[in-house]
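Q: pasted the sequence and its predicted model underneath.
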Amino acid sequence: MERPVAILEKVVKLGLEISQIKDIDLLLEKILSEARALTNCDAGSIYIKESDGLKFSHAQNDTLQGQLPPGKKLPYSTFTIPVNNHSIAGYVSAQGTAVNIPDVDSMPAGSPYSFDRSYDDLTGYRTHSMLTVPLKNFRNDVIGVLQLINALDGDGRVVPFQAEGEIVDYFANNAANAIERAKITRELILRMNKMAKMRDPHETGPHVNRVASYAVVLYDAWAQRAGVPQQEIDKNRDVLRMAAMLHDVGKVAISDVILKKPGKLTPEEFDAMKQHTVFGAELFSDVYSQFDESAAMVALNHHERWDGRGYPGHVNPESGEPLPGFADESGRPRGKQGEEIPLLGRIVAIADVYDALSSRRSYKESWGESEVVSTIAEEAGKQFDPGLVELFLENLDSLQQIKKIYPDHGI
C-alpha cells in the first residue's frame, strides 16, 4: 500500500499534467482514467453541468472494454439528467457533497437517491460499489460530477471504496478548474467557427466537433501502429483536435457571393474559394505554440490529394504564390503529393470528406453509410493516403459512435 505522502505527490503531479491539456474531450478522458487509477476501480463516468442539468459526457469500463477487439473503443451515448435528489449524480451535484456507497444493492431504506440499473441490464455489467464526487471550481461552484464504480482489491475482487477523503477531493478540485479552462478554450474555438458560420452556414458546431473527433481516432490508430510514445500521442491528440476544429476558418475571408451561391461555382469562383486554405494558414502565421503550427498546417493542407491533384499546393501562405521550383507549366503551384502532405493534413482530409458526405446540407441529402465508406475506400491512393484509409475502415465503429455524440440539430 502506498504511503499517504506518495499518494499526495502523485495527485499533485496529476494536477500539473491535466492542467496542460487544452481540449475538453481529451481532458475528461484523462481525468477519468487517472481518477480510476488513483482509486483502483473498474469503471467510471463524468457528468458536466449544463444549464439546469448534468450531461453524461464520458465513460470508461475495463470489464466491458476487455470484451472488445484490441484497439476498439467502448461505445456510449450522451444524455442529460436533472440536478435533483433522485439520482446519485444529481444528489451529489445538488448537495455539493460526495457519496460513498459500499453496495448499491444494500442502500439504506429512505435514501433520498436511487440507483438506475438500466445500463447494467442493457450491458450485462454489474455495479456494486460506487464513489460519486462533486467537481468544484475555485469559487466552490459544482461544475460537474465524477462517478467511480467497483473498486478492486489486489486480487481483482470488487470491494467498497476506501475513505480517500481529502486526496480525492483535492484531485477533483484540480480537475474542475482544468475543465473550466478547457471549456473556455473550446468556446473560443467555437466562436471563431461561428464567425465562419455567419459566412458559410455549413460550418456548424456539430460538424467541426465530428471532424475533430474523427481526426483524433485516425491519429490514435496511426500512432499506435507507428509505435509513437504515449506521452507524445497525448500531446499531439490535444493539439490536433483543436486544430481540426478550425480547418475551414479561412472561409471568413471569402466573399459571400461565392460562399452563399446556390448553384455551381465557375472555375474563377472555385479558384477564389480554394484560397480559404491559404487564408486559414495565414491566421496562424505568427507561431507562438505547437497549436499555431498545427492549426496552420491543417488549414493549408486538408484539401491536398495523395495523387497531387489537390490544392493549394506548394505555396507561400503569406503571399499565396508558388514556392520557388514548385510551379507547374501554367505558373500555378504544383499540388503536394503523397507524404509531401503533412500527416495532420492527410488525416483531416479523410475526416472532413467523411463528415461532408454523411451529413445533410441545404443543397444535398446525406449519403448512406455504405456509399460513403465505399467512396472513401475507392479513393485510397488517389484522393487519400491508402494507409490512413485502411485505418479508417478498421475504426468505423468508433467513427459511427461519434456521429451519435455530435448530431446535427436540423438544417
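A: All right, it came through fine. None of the values given here were measured: they were computed from a predicted structure.
Q: how does this structure divide into domains?
A: What automatic domain parsing lists as the domains of the chain is 4-181, 200-405.
Q: relative to Ile189, which of those is closest?
A: Nearest of the domains of the chain to Ile189, taken as C-beta to C-beta: domain 200-405 at 5.1 Å. To be clear about C-beta, it is placed using only N, CA and C from the backbone, and glycine gets the same treatment.
Q: which other helices and strands contact the host helix or strand of Ala43?
A: Per DSSP states H and E, Ala43 falls inside strand 41-50. Judged by 3 or more C-beta pairs under 8 Å, 6 or more residues apart in numbering; DSSP states H and E, strand 41-50 is in contact with helix 24-39, strand 53-61, helix 62-65, helix 88-95, strand 142-152.
Q: still on that earlier bit, now the domains of the chain in JSON lines, with distance to Ile189, mean pLDDT and mean neighbour count?
A: Below are the domains of the chain laid out as JSON lines (distance: least, C-beta to C-beta, whole Å; pLDDT from 0 to 100; neighbours: other C-beta atoms under 10 Å):
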{"stretch": "domain 4-181", "distance to Ile189": "9", "mean pLDDT": "86", "mean neighbour count": "17"}
{"stretch": "domain 200-405", "distance to Ile189": "5", "mean pLDDT": "90", "mean neighbour count": "18"}
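Q: tabulate the ones you listed (TSV), appending distance to Arg191.
A: Shown next, in TSV, are these (distance: least, C-beta to C-beta, whole Å):
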stretch	distance to Arg191
domain 4-181	14
domain 200-405	10
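Q: pretty sure Thr123 contacts Leu64?
A: Yes - using C-beta atoms under 8 Å, Thr123 is in contact with Leu64, at 6.0 Å.
Q: any chance of CSV for the helices and strands packed on strand 41-50, columns distance to Gly331?
A: Below are these laid out as CSV (distance: least, C-beta to C-beta, whole Å):
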stretch, distance to Gly331
helix 24-39, 43
strand 53-61, 51
helix 62-65, 55
helix 88-95, 62
strand 142-152, 55
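Q: Lys336 is nearest to which of these?
A: helix 24-39 (28.3 Å).
Q: next, the angle strand 41-50 makes with the closest one.
A: 140 degrees (axes from the mean of the first three to the mean of the last three C-alpha atoms, to 10 degrees).
Q: after the longest helix seen in the chain comes which helix or strand?
A: Longest helix of the chain, by residue count under DSSP state H: helix 166-199. Later in the chain than helix 166-199, the nearest helix or strand by DSSP H and E is helix 205-226.
Q: which secondary structure elements does that following helix contact?
A: Taking 3+ C-beta pairs under 8 Å, 6+ apart as the contact cut, helix 205-226 packs with helix 166-199, helix 230-245, helix 343-358, helix 386-394, helix 396-405.
Q: hey, C-alpha coordinates of the fourth one in PDB?
A: What follows is helix 386-394, C-alpha atoms only, in PDB (Å, rounded to 0.1, in the frame of the first residue of the first chain):
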ATOM      1  CA  PRO A 386      -4.000   4.500 -48.500                       C
ATOM      2  CA  GLY A 387      -2.600   3.600 -45.100                       C
ATOM      3  CA  LEU A 388      -5.000   6.000 -43.400                       C
ATOM      4  CA  VAL A 389      -7.900   4.700 -45.400                       C
ATOM      5  CA  GLU A 390      -7.100   1.200 -44.100                       C
ATOM      6  CA  LEU A 391      -7.200   2.600 -40.500                       C
ATOM      7  CA  PHE A 392     -10.400   4.400 -41.300                       C
ATOM      8  CA  LEU A 393     -12.000   1.100 -42.300                       C
ATOM      9  CA  GLU A 394     -10.700  -0.600 -39.200                       C
END
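Q: who's in contact with that helix?
A: 71, 218, 221-222, 225, 306, 346-347, 350, 354, 373, 376-377, 379-380, 399 (C-beta atoms under 8 Å, 6 or more residues apart in numbering).
Q: how about a cut-off of 6 Å?
A: Helix 386-394 is contacted from outside by 218, 221-222, 346, 350, 380, using C-beta atoms under 6 Å, 6 or more residues apart in numbering.
Q: with the third one instead?
A: Outside helix 343-358, the residues within contact range by C-beta under 6 Å, 6+ apart are 207, 210-211, 214-215, 218-219, 240, 244, 247, 294, 297-298, 301-302, 304, 366-367, 372, 384-385, 388, 392.
Q: not counting its neighbours along the chain, what's nearest Ile149?
A: Take Ile149 and drop its neighbours on the chain: the residue closest to it by C-beta to C-beta, 6 or more residues apart in numbering is Ala43, 4.1 Å away.
Q: before we move on, what about Met192?
A: Per C-beta to C-beta, 6+ apart, closest to Met192 is Val249, 5.6 Å.
Q: I'd assumed Phe279 was in contact with the one you found.
A: No - using C-beta atoms under 6 Å, Val249 is not in contact with Phe279; the gap is 8.4 Å.
Q: what separates Ala37 from Pro134, distance-wise?
A: To Pro134, Ala37 is 20 Å away according to C-beta to C-beta, to the nearest Å.
Q: on that earlier part again, Lys404: which of the helices and strands packed on strand 41-50 is closest?
A: Of all the helices and strands packed on strand 41-50, strand 53-61 sits nearest to Lys404, with 12.5 Å by C-beta to C-beta.
Q: and the closest one, what does it pack against?
A: helix 24-39, strand 41-50, strand 80-82 (3 or more C-beta pairs under 6 Å, 6 or more residues apart in numbering; DSSP states H and E).
Q: show me what the shortest one is in contact with.
A: Residues outside strand 80-82 that contact it (C-beta under 6 Å, 6+ apart): 53-55, 87, 90.
Q: let's have those in a markdown table, adding distance to Phe284.
A: Below are those laid out as a markdown table (distance: C-beta to C-beta, whole Å):
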| residue | distance to Phe284 |
| --- | --- |
| Gly53 | 36 |
| Leu54 | 35 |
| Lys55 | 31 |
| Ser87 | 43 |
| Gly90 | 42 |
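Q: nearest to Gly144 among the residues you listed?
A: Leu54 (7.3 Å).
Q: list the beta-bridge partners for that closest one.
A: With DSSP bridges as the criterion, Leu54 is bridged to Lys49, Ile81.
Q: I'd like to know how far the residue nearest to Asp23 when sequence neighbours are not counted sits from Pro317.
A: Nearest non-adjacent residue to Asp23, counting by C-beta to C-beta, 6+ apart: Arg241, 4.6 Å away. Counting by C-beta to C-beta, the gap from Arg241 to Pro317 is 22 Å.
Q: do the same with Val217
A: Val217 is 28 Å from Pro317, by C-beta to C-beta.
Q: all good on my end, thank you.
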